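Novice: The following block contains a protein sequence and its predicted model.
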There are 2 protein chains.
Amino acid sequence: MVKLGKIKYKPVPVRDLLIEIKDLSELMIDLAYSAALFDSKALAEEVLELEERVDTLAYLLDMNVMIAVRDAEDAEHLVGVSAVASAADKISDAAADIAILVIKDIGIHPIVRQVFEKVAEHLIRVEINPESILAGHSLDELELAARIGVDIIAIRRNKEWIINPKEVEKLERNDVLIARGAPHGIDELEGLARGTISELEE
Amino acid sequence: MVKLGKIKYKPVPVRDLLIEIKDLSELMIDLAYSAALFDSKALAEEVLELEERVDTLAYLLDMNVMIAVRDAEDAEHLVGVSAVASAADKISDAAADIAILVIKDIGIHPIVRQVFEKVAEHLIRVEINPESILAGHSLDELELAARIGVDIIAIRRNKEWIINPKEVEKLERNDVLIARGAPHGIDELEGLARGTISELEE
């Protein structure tokens, strides 16, 4: 998948690489399930792009680990880092497998649908109504994770997807949000986005 | 890992197999991170046992799918089921990789610790104080998921682990809980278990 010729060694802190690989791989599982659940080929394509990014990061991590290791003791300590990166890489491959089903229009069997419907308990896709109090506020102002236990994992604005949006990202009218959280928080977010709830819990 | 000679075909609904494989594989990731975070070899061993179970279920699913398929149309529909099962199987393998690090005492490198500390934002291990209002109540009475957005993913009672406890399971004094959820709910559960909070939110 990844274009190997293009990966050049760069010195990057191994810790930063490992955290990004791990976070991306888990995000990808949610995005892949969302792509299947909401039958979104565009979101599935985003998952495949992230998989390419994880592959690139994993190669960079391996190169940085190799350069960091000077002796047997270094190697014994850092082998765990490589192993965690490779486990995260497997998870990202699994997410890509699900995304490919969506792109190839496979997986419409009722059994698969039922499995993804169970996922619906913690994933939601909702559009921001122009009247919603969410519009015009940044994620760090809204503090949705702390207040209602919900994470915004992706935003579709016009035709673009913003994956894993930053805290400074401001929500806009008609943004489509994909979020995960506990059922209570999911319901709350739905109400806030649709405009049927007009106040955030403290 | 799995003892192939022991797997015999049994007719089991493919839907049930797929749901169990998917649920177990995701649970295993949380359990493997918990094992690493709390440095618990016993919990890591549980992850490896679950991996063996997922392997067995995946073989059973493949056999049941093969028997169900009569023609090209069946095959086209059911190939998605196999693909989702195999993606879940990859996730369970990745969880087992992390568990093996714990069992082999690898992964104490500060970088790995930092990565797992980020996981600590949504995972907790806490013991039930004898004064706690949780003691003596079943999970369905407590409704922790609905009330505070927290799932109990494992309970250690004496020397036994109860993985993915059922709703009828009654919590006991001195049980050690491993739970996942949003930070607010995690704090709430910690207070409830320690006895510093003595009332459940409605």
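Specialist: Structure received.
Novice: The helix ranked longest in chain A near chain B anywhere?
Specialist: Taking DSSP state H as the assignment, the helix of chain A that covers the most residues is helix A:72-103. Yes - for helix A:72-103, a contact with chain B is found by C-beta under 8 Å from any C-beta of the partner chain, at A:76-81, A:83-84, A:86-88, A:90-91, A:93-95, A:97-98, A:100-101. Any C-beta I mention is one placed from the backbone N, CA and C, and that applies to glycine too.
Novice: now the closest residue to A:Ser198 other than its chain neighbours, what's its secondary structure?
Specialist: Counting by C-beta to C-beta, 6 or more residues apart in numbering or on different chains, A:Ser198 lies nearest to A:Ile133, which is 5.5 Å off, once chain neighbours are set aside. Per DSSP: H, G, I helix; E, B strand; the rest coil, the secondary structure class of A:Ile133 is coil.
Novice: Tell me the spacing between A:Ile133 and chain B.
Specialist: Using C-beta to the nearest C-beta, to the nearest Å, one obtains 20 Å as the distance from A:Ile133 to chain B.
Novice: Then A:Ile7?
Specialist: 21 Å.
Novice: Next, name the residue at the spatial heart of chain A.
Specialist: For chain A, the residue whose C-alpha lies nearest the mean C-alpha position (C-alpha atoms, centre = their mean) is A:Leu27; its distance is 2.7 Å.
Novice: in chain A, which helix or strand is least confident?
Specialist: Ranked by mean pLDDT, DSSP states H and E, the helix or strand of chain A with the weakest confidence is helix A:110-119, at a mean of 77.
Novice: Please work out which residues outside that helix touch it.
Specialist: Outside helix A:110-119, the residues that touch it by C-beta atoms under 8 Å, 6 or more residues apart in numbering or on different chains are A:33, A:36-37, A:101, B:14-15, B:18-19, B:22-23, B:78, B:80-81, B:84.
Novice: Try it again at 10 Å.
Specialist: Contact partners of helix A:110-119, identified using C-beta atoms under 10 Å, 6 or more residues apart in numbering or on different chains, comprise A:29-30, A:32-39, A:98, A:101, A:106-107, A:109, A:123, A:180, B:13-19, B:21-23, B:26, B:65, B:77-78, B:80-81, B:83-85, B:88.
Novice: Narrow those residues to just the buried residues.
Specialist: A:29-30, A:32-38, A:98, A:101, A:106-107, A:109, A:123, A:180, B:14-15, B:17-19, B:21-22, B:26, B:65, B:77-78, B:80-81, B:83-85, B:88 (16 or more other C-beta atoms under 10 Å in any protein chain shown).
Novice: for chain A, what spans make up the helices?
Specialist: Per DSSP H, chain A carries helices over the ranges A:14-37, A:41-68, A:72-103, A:110-119, A:139-142, A:144-148, A:183-194.
Novice: What residues sit buried inside the second one?
Specialist: It stands for helix A:41-68. Neighbour counts over helix A:41-68 (16+ other C-beta under 10 Å) mark A:43-44, A:46-48, A:50-51, A:53-65 as buried.
Novice: And stretch A:180-190, by the same measure?
Specialist: For stretch A:180-190, a neighbour-count test (16+ other C-beta under 10 Å) marks A:180-182, A:184-186, A:188-190 as buried.
Novice: chain center to that stretch: distance?
Specialist: 17 Å (C-alpha atoms, centre = their mean, to the nearest Å).
Novice: Equivalent analysis for stretch A:115-134, please.
Specialist: Its chain's average C-alpha position is 15 Å from that of stretch A:115-134, according to C-alpha atoms, centre = their mean.
Novice: State the distance spanning the first to the last residue of that stretch.
Specialist: Criterion C-alpha to C-alpha, to the nearest Å; first-to-last residue distance in stretch A:115-134 is 31 Å.
Novice: same thing with stretch A:114-133?
Specialist: With C-alpha to C-alpha as the measure, stretch A:114-133 spans 33 Å from end to end.
Novice: For the residue nearest to the centre of chain A, give me its contacts.
Specialist: Contact criterion C-beta under 10 Å, 6+ apart gives A:47, A:50, A:92, A:95, A:151, A:153-154, A:163-164, A:180 as the residues in contact with A:Leu27.
Novice: May I ask which two of those residues are separated the most?
Specialist: With distances taken as C-beta to C-beta, the most widely separated pair in the contacts of A:Leu27 is A:Ser92 and A:Asp151, at 18.4 Å.
Novice: More neighbours: which of those two?
Specialist: Set side by side, A:Ser92 and A:Asp151 show unequal neighbour counts under other C-beta atoms under 10 Å in any protein chain shown, the larger going to A:Ser92 at 29 against 18.
Novice: what's the distance between A:Asp55 and chain B?
Specialist: Looking at A:Asp55 against chain B, where the rule is C-beta to the nearest C-beta, the gap reads 15 Å.
Novice: sorry, back to before: would a markdown table of the contacts of A:Leu27 with pLDDT be doable?
Specialist: Formatted as a markdown table, the contacts of A:Leu27 follow (pLDDT from 0 to 100):
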| residue | pLDDT |
| --- | --- |
| A:Val47 | 94 |
| A:Leu50 | 92 |
| A:Ser92 | 96 |
| A:Ala95 | 95 |
| A:Asp151 | 89 |
| A:Ile153 | 91 |
| A:Ala154 | 92 |
| A:Ile163 | 88 |
| A:Asn164 | 88 |
| A:Arg180 | 87 |
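Novice: is it possible to export the residues you listed to TSV including distance to B:Asn129?
Specialist: Listed next are these as TSV, based on distance: C-beta to C-beta, whole Å:
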residue	distance to B:Asn129
A:Val47	44
A:Leu50	43
A:Ser92	40
A:Ala95	40
A:Asp151	31
A:Ile153	36
A:Ala154	40
A:Ile163	42
A:Asn164	38
A:Arg180	31
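Novice: Excluding covalently adjacent residues, which one is nearest to A:Lys159?
Specialist: Once its chain neighbours are removed from consideration, A:Lys159 has its nearest residue in A:Ala42; the separation is 7.9 Å (C-beta to C-beta, 6+ apart).
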